[in-house]
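Peer 1: Quick one: sequence and predicted model below, then my questions.
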Amino acid sequence: MYAQMVKSEASNDDPHLLAAFQARIDAGEKIEPKEWMPEGYRKTLIRQIGQHAHSEIVGQLPEGNWITRAPTLERKAILLAKVQDEAGHGLYLYCAAETLGISRDEMTEALLSGKMKYSSIFNYPTLTWADMGAVGWLVDGAAIMNQVPLQRTSFGPYARAMVRICKEESFHQRQGYDIMMKMAQGTPAQKAMAQDALNRFWYPSLMMFGPSDKDSVHSAQSMAWKIKMNTNDELRQKFVDQTVPQAEYLGLTIPDPAVKWNEEKGGYDFSEPDWAEFFEVIKGNGPCNAERIEARQKAWDDGAWFRDGLMAHAAKQRAAKVAAE
Ligand code: BYC
């Protein structure tokens, strides 16, 4: 079903309607679910919002892994709240995607069958407590960089969902940076753990923005429709420019000797991530892909009794209503 809805990007749309639609986008108007939209626009949104929703849900797993092992009660409460926020983000986003005519069940099935993606970053393991710092600081930091512009995206429900998500992501990033600060100022062993977490999460965080512009399949059309507001490379550069001084403040070293301020471009030079690794991870061959999908499959199977019960209850209520009429 998902494949049918998203695969065919070929558009048979009326050229007059298409031109009027593009004029609305260019004028900065928001598009609402019941309004006319090109099929390609709808499909691109289902793909992007659906993948985004899946990322929020799968993104709970690497951090959820540390809730029972947080070093203090306070840290545990903060981490628990953060992970719950991610569940909330997933739900707003699934709702936004549902307004485009796909159900949450269909999206979940597409995730489990490998037809739909989720962010590459969540296929890397969280090995130490310092990884909770690195994930909050870098992963949520990259997410905010990508998502703040999406508050201005052209599809109303997506743009509105982003407002609250961005507020919460800012808190997430601060809590991650706070963990890094504590560890970087701690014992030499703690500082080494913080450095090790930065070493492991640096390049995967850069990959979150997607392939380099020359390899990005969807950017041009998505930007014309204001589904994306920036190219992948633009956001990656902004992220590096924001993060390098933060690492310096922590007294940690970015694991890339090429990182150097470039006065001429007004930004840092840096090395590209290993794109072969990125493409392997999004094909399903990353270190934790199988484990992540297994966890989602188990949650889906374990919830079957509840979904069935809910449907049976709804059917019973409908029958009672019909009988009373
Ligand atoms: N991972 O043409 P391109 C979070 C795919 S953070 C996996 O540039 P597009 C969170 C792409 O889908 C993360 N796949 O694509 C944080 C396409 O394949 P398909 C969630 C990726 O869509 C902390 C192909 O590569 N954020 O939620 O124009 C805790 C070609 O790429 C990735 C979002 O989803 C990747 N990193 O641009 C918890 C933000 N990058 O679909 C949770 C919204 C690319 O043709 N999404 N691909 O098979 C976006 O802004 C865009 O979709 C992307 C990619 C920038 C990610």
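Peer 2: Ah, there it is.

Peer 1: Can you give the distance from the biggest helix by length in the chain to the centre of its chain?
Peer 2: For the chain, the longest helix by residue count, based on DSSP state H, is helix 156-184. From the chain centre to the centre of helix 156-184 is a distance of 12 Å (Cα atoms, centre = their mean, to the nearest Å).

Peer 1: what helices or strands is that helix leaning on?
Peer 2: Counting by 3 or more Cβ pairs under 8 Å, 6 or more residues apart in numbering; DSSP states H and E, the packing neighbours recorded for helix 156-184 are helix 73-98, helix 130-134, helix 140-150, helix 188-207, helix 232-250. All C-beta atoms are positioned from the backbone trio N, CA, C, and that covers glycine.

Peer 1: Would you mind finding the most buried of the ones you listed?
Peer 2: Highest mean neighbour count among these (mean count of other Cβ atoms under 10 Å): helix 130-134, with a mean of 27.

Peer 1: and that one, average pLDDT?
Peer 2: The pLDDT scores in helix 130-134 average 98.

Peer 1: Ok, stretch 293-300 next?
Peer 2: Stretch 293-300 carries an average pLDDT of 97.

Peer 1: Then stretch 194-203?
Peer 2: In this model, stretch 194-203 has a mean pLDDT of 98.

Peer 1: residues in contact with it?
Peer 2: For stretch 194-203, the external contacting residues (Cβ atoms under 8 Å, 6 or more residues apart in numbering) are 124, 127-128, 130-131, 133-135, 138-139, 180, 183-184, 247, 250, 252-256, 273-274, 277.

Peer 1: Those also near the ligand: which ones?
Peer 2: Among the contacts of stretch 194-203, the ones lying near the ligand by Cβ under 6 Å from any ligand atom are residue 139.

Peer 1: In ChimeraX, select just the buried ones from the contacts of stretch 194-203.
Peer 2: Written as a ChimeraX command, the selection of buried residues from the contacts of stretch 194-203, which uses 16 or more other Cβ atoms under 10 Å, is:
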select :124,128,130,131,133,134,135,138,139,180,183,184,247,250,252,254,255,256,273
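
Peer 1: Can you tell me which residues in this protein are near the ligand?
Peer 2: 47-48, 51-52, 55-56, 59, 86, 117, 119-120, 139-140, 143, 146, 207-211, 216-219, 222, 228, 232, 282.

Peer 1: picking up where we left off before, TSV for the helices and strands packed on helix 156-184, including distance to residue 175?
Peer 2: Below are the helices and strands packed on helix 156-184 laid out as TSV (distance: least, Cβ to Cβ, whole Å):
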stretch	distance to residue 175
helix 73-98	5
helix 130-134	9
helix 140-150	9
helix 188-207	14
helix 232-250	14
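
Peer 1: Residue 158 is nearest to which of the ones you listed?
Peer 2: Among the helices and strands packed on helix 156-184, the nearest to residue 158 by Cβ to Cβ is helix 73-98 (5.1 Å).
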